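Undergrad: Sequence plus the predicted model coming up.
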Amino acid sequence: MTTYADRPVAILDLPLPTGVSVLHPENAVIRFVTSETVDIGAICYLERSRLARTATEGARRVELKSLCTKRVRKVLKIISYISTAVADGNRSPNTLHAMVCGWTRFVDWCDENGHPETMENVQTGRAALHAYIAHLRDRIGHGTLWPTTAFRYQEDALKLLRDCCELEHVDVGLNKLWNDRSAVQQTPVPDEETQSRVLAMSTSLFHGLTDLVVERRNYPHKIAMPGYLGWAENCLWVFPGPTWALPPHALARRNGRKIRYQAYNYVDGHVATVDECLSSYNSKKIALRAVREASDLICEANADMGHHHRIHAAKIAHNAFVLLFLANTGMNYAQARELNWSGDYQVGTTSQGFREIKCRANNKTVSFHIEIGFLPTFRKFLRLWDFLVTNRGSSNYLFFSIGSNDQSSPTRIGTGLLDHLYSTLRRIDPNLPKIMSRAWRSAKSDWLIRRTDISTAASILQNSEATVARAYALGS
């Protein structure tokens, strides 16, 4: 059985300063100006964990005895290549980061599928590439990978072997994938009931938790929940603590769960009496202490408007708004991640029923369109933005992350924000469908085309008419 262990980690900010030598490539985690990191040094080990340690800048655990000295030399070339590419500035940091991730994805697959010497020479490289392309083609056939994505994976692998490993003719004779842009897959529009459920749940959490922190409401805090849930009381009581709320289905299983604050009455929204929660503890003395601790925490969180549990509630509200924003604007998630913000903005009219938001930040003008009815919600979010910035430090982004522990300084949101949000939403509604950003964009395009025209849809979505018609207008 493989035993993975931690290893020393060295964070290398790209581009590397002139004259700097990398002494131990096997320990290298490269970091781009966007703060994205890639544990490139891990591939020096033939056996490594797929999971990264977030506490150490995304470093992976490895089998220390599996260190391959030949790989160390290859990784040194990779680091030099990508550092030069960053310094040249011909490709964006996001593009380079995605490319390096593609390299590690390819090497991971090779090591797991009997091709550990893929970077050594043309023969081994060609054999590995041939098998990898067959794997990508199989995934396309099973519908688990889009052709355009598979083509990008193939090109990432080719660039690694040809440019970094200097295997110039490694792809000769291979039946490669081709990028057929005319075969762009249309994105199905989620049905209206599904959209309604997701939007209703996100709206409830956004408004309810924003009111808690921005309006300086006291705990326990009552949030109105969507009627489709069918609860006897369509509300959720929020308390300070790791278990900040318990919906009815979770309350039914509460006695079998280890919840620190058993003295919280999540049904009626108050601290339970000793007699009410006595059955959850081994003695009356312990129950009394639990009631006292629960009351003390509520008093503490109500006295401190910047309390860490309030910050956590604000983060959930922030993430819920990101989903609402994507649904309303139809913006790509990648675009939303890059939105700069300074707080100084203007609202203009571009077409009936829509408002254009303009903001000057970092010497760039940010511009996007929202429906006029969404403007009050957007302004409410900006109050939440101010609250988070006041308590966690300044941010140049409209949407930002404060880390998994809610203690970090604001940085650009990661790629997994929506997944984390759905994990939270499904604790309330376990059957809630998942609609990601591309599907929201498709739904917005479909809505715009049915109510306006394709030209207006393209303008609102900031895309060409041909792209909107080909990729998003499914069924309109």
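TA: Thanks, I have the structure now. Note that the coordinates shown come from a computational prediction; the quantities given were computed from them, not determined experimentally.
Undergrad: Relative to Val322, how far out is the spatially most central residue of the chain?
TA: Per C-alpha atoms, centre = their mean, the C-alpha nearest to the average position across the chain is that of Gly416, at 1.8 Å. Shown here: Gly416 relative to Val322, a distance of 12 Å by C-beta to C-beta, to the nearest Å. Using the backbone N, CA and C atoms, a C-beta is placed for each residue, glycine as well.
Undergrad: Please apply the same query to Gly143.
TA: From Gly143 across to Val322, the span is 28 Å (C-beta to C-beta).
Undergrad: Also Asp268?
TA: From Asp268 across to Val322, the span is 32 Å (C-beta to C-beta).
Undergrad: From the neighbour counts alone, determine which of those two ranks first.
TA: Val322 (22 against 10; other C-beta atoms under 10 Å).
Undergrad: how about the residue lying closest to the more buried one once chain neighbours are set aside, what does it touch?
TA: If the residues on either side of it in the chain are set aside, Val322 comes closest to Phe399, at 5.5 Å by C-beta to C-beta, 6 or more residues apart in numbering. Counting by C-beta atoms under 8 Å, 6 or more residues apart in numbering, Phe399 makes contact with 318, 322, 325, 336-337, 339, 412-413, 417.
Undergrad: which stretches of the stretch 51-200 of the chain aren't confidently modelled?
TA: 51-57, 180-187 (pLDDT under 70).
Undergrad: One more pass at 90, please.
TA: Along the stretch 51-200 of the chain, the parts satisfying pLDDT under 90 run over 51-59, 84-96, 138-149, 162-169, 171-175, 178-192.
Undergrad: which residues of the protein fall in strands?
TA: Secondary structure of the chain (DSSP state E): strands at 10-13, 28-31, 37-38, 48-53, 59-62, 221-224, 235-238, 264-265, 270-271, 345-349, 354-361, 364-371, 400-401, 411-412.
Undergrad: hey, least reliable of those by pLDDT?
TA: Lowest mean pLDDT within the strands of the chain: strand 48-53, a mean of 73.
Undergrad: Please determine how far the residue nearest to Phe106 when sequence neighbours are not counted is located from Leu167.
TA: Of all residues not flanking Phe106 in the chain, Ala157 sits nearest, at 4.0 Å (C-beta to C-beta, 6+ apart). If you measure Ala157 against Leu167 using C-beta to C-beta, the figure is 11 Å.
Undergrad: Quick check on these two: which one has the bigger neighbour count.
TA: Using other C-beta under 10 Å as the criterion, Ala157 and Leu167 rank with Ala157 on top: 26 against 22.
Undergrad: Enumerate every residue touching the more buried one.
TA: Contact analysis of Ala157 by C-beta under 8 Å, 6+ apart lists 102-103, 106, 129, 132.
Undergrad: okay if I get those as a markdown table plus neighbour count?
TA: Compiled in a markdown table, the contacts of Ala157 are given as follows (neighbours: other C-beta atoms under 10 Å):
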| residue | neighbour count |
| --- | --- |
| Gly102 | 19 |
| Trp103 | 21 |
| Phe106 | 25 |
| Leu129 | 24 |
| Tyr132 | 22 |
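Undergrad: now, among the residues you listed, which is nearest to Gly373?
TA: Gly373 has its nearest neighbour among the contacts of Ala157 in Gly102, at 41.2 Å by C-beta to C-beta.
Undergrad: Now do the contacts for the closest residue to the closest one other than its chain neighbours.
TA: Using C-beta to C-beta, 6+ apart and skipping the chain neighbours, the partner closest in space to Gly102 is Asp156 (2.8 Å). Counting by C-beta under 8 Å, 6+ apart, Asp156 makes contact with 98-99, 102-103, 105-106.
Undergrad: now Ala314: how far from Ala28?
TA: The gap separating Ala314 from Ala28 is 36 Å, by C-beta to C-beta.
Undergrad: swap in Asp275?
TA: Where Ala28 is concerned, Asp275 sits at a distance of 60 Å (C-beta to C-beta).
Undergrad: what does Thr377 give?
TA: Relative to Ala28, Thr377 is positioned 44 Å away (C-beta to C-beta).
Undergrad: And Asp275 and Ala28? Which one has more around it.
TA: Ala28 (24 against 9).
Undergrad: distance of the closest residue to the more buried one other than its chain neighbours from Arg48?
TA: Excluding the flanking residues, the one nearest Ala28 by C-beta to C-beta, 6+ apart is Gly41, at 4.0 Å. Separation of Gly41 from Arg48 (C-beta to C-beta): 10 Å.
Undergrad: and if you look at Thr34?
TA: Remark: distance between Thr34 and Arg48 (C-beta to C-beta) = 24 Å.
Undergrad: And Ser196, by the same measure?
TA: 44 Å.
Undergrad: Mind checking which of those two has more residues around it?
TA: Using other C-beta under 10 Å, the more surrounded residue of Ser196 and Arg48 is Arg48, with 23 against 13.
Undergrad: which residues does the more buried one bridge with?
TA: Beta-bridge pairing of Arg48 under DSSP bridges involves Val62.
Undergrad: Check the contact between it and Lys65; I expect there is one.
TA: No - under the criterion of C-beta atoms under 8 Å, Arg48 makes no contact with Lys65, lying 12.0 Å away.
Undergrad: Show me what counts as buried in stretch 93-110.
TA: The neighbour-count check on stretch 93-110 (16 or more other C-beta atoms under 10 Å) flags 93, 96-97, 99-100, 102-104, 106-107, 109-110 as buried.
Undergrad: dump the residue contacts of Leu326.
TA: 333, 336, 437, 440-441.
Undergrad: so who does the closest residue to Thr329 other than its chain neighbours touch?
TA: In space, and not counting its chain neighbours, Thr329 is closest to Phe368: 5.5 Å by C-beta to C-beta, 6+ apart. Going by C-beta under 8 Å, 6+ apart, Phe368 touches 329, 331, 339, 356-357, 462.
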